[in-house]
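> show me the folded form of this:
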Amino acid sequence: MKTIRTAFYLTLVVGLFSALVACQTEQPNVTNSFGTISGFVDADPSDVADATTKALQEKGYSEIKKTETDNAVRMVARNQDDTKIDITITKHGNNVSKLEIHYGAFGNETKSIELYDTIQKSM
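Down below sits the predicted model:
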């Protein structure tokens, strides 16, 4: 009985933690999970990557690395202060992509959402 109760409480704690970790941001349809903001975009990954390149240039960031496959694009950029920005774009259906941005070591939600908005406007 004690083992069952312990397992139940452990499951409850993990479930509550998971619910708190993936929090909704002020931006509609965008979530923040462990410092990585993510949202869905109505475009193929290559089109989102092109818009991301434009957005990075517009904000004055340097695109360091870009790796493309059939279903995903991974980009690494740096801002003027040499802060690392990880961007992942994955295909999630016909003409739908998931855009994930992790800005800095711990994830700066404000800067990530600013970049997310700039990418959306560049499309």
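
> now do the residue most central in space within the chain, the pLDDT please.
Geometric centre of the chain, nearest residue: residue 100, 1.9 Å, by Cα atoms, centre = their mean. The model reports residue 100 with a pLDDT of 97.

> pairing partners for the strand or helix carrying it, with directions?
In the assignment (DSSP states H and E), residue 100 maps to strand 97-103. Here strand 97-103 is paired, per DSSP bridges, with strand 36-41 (antiparallel), strand 84-91 (antiparallel).

> could these go into CSV alongside mean pLDDT, distance to residue 6 and mean neighbour count?
Quick note: C-beta positions are derived from backbone N, CA and C, even for glycine. Formatted as CSV, the strands paired with strand 97-103 follow (pLDDT from 0 to 100; distance: least, Cβ to Cβ, whole Å; neighbours: other Cβ atoms under 10 Å):
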stretch, mean pLDDT, distance to residue 6, mean neighbour count
strand 36-41, 94, 32, 19
strand 84-91, 97, 37, 20
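
> output the strand holding residue 100 as PDB, nothing but the C-alphas.
Output of strand 97-103 as PDB, limited to C-alpha atoms (Å, rounded to 0.1, in the frame of the first residue of the first chain):
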ATOM      1  CA  SER A  97       5.800  23.900 -39.500                       C
ATOM      2  CA  LYS A  98       6.700  24.200 -35.900                       C
ATOM      3  CA  LEU A  99       9.100  27.100 -35.100                       C
ATOM      4  CA  GLU A 100      11.200  26.800 -31.900                       C
ATOM      5  CA  ILE A 101      13.500  29.600 -30.700                       C
ATOM      6  CA  HIS A 102      15.800  29.400 -27.700                       C
ATOM      7  CA  TYR A 103      17.500  32.700 -27.100                       C
END
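
> since that was my last question, I'll sign off now.
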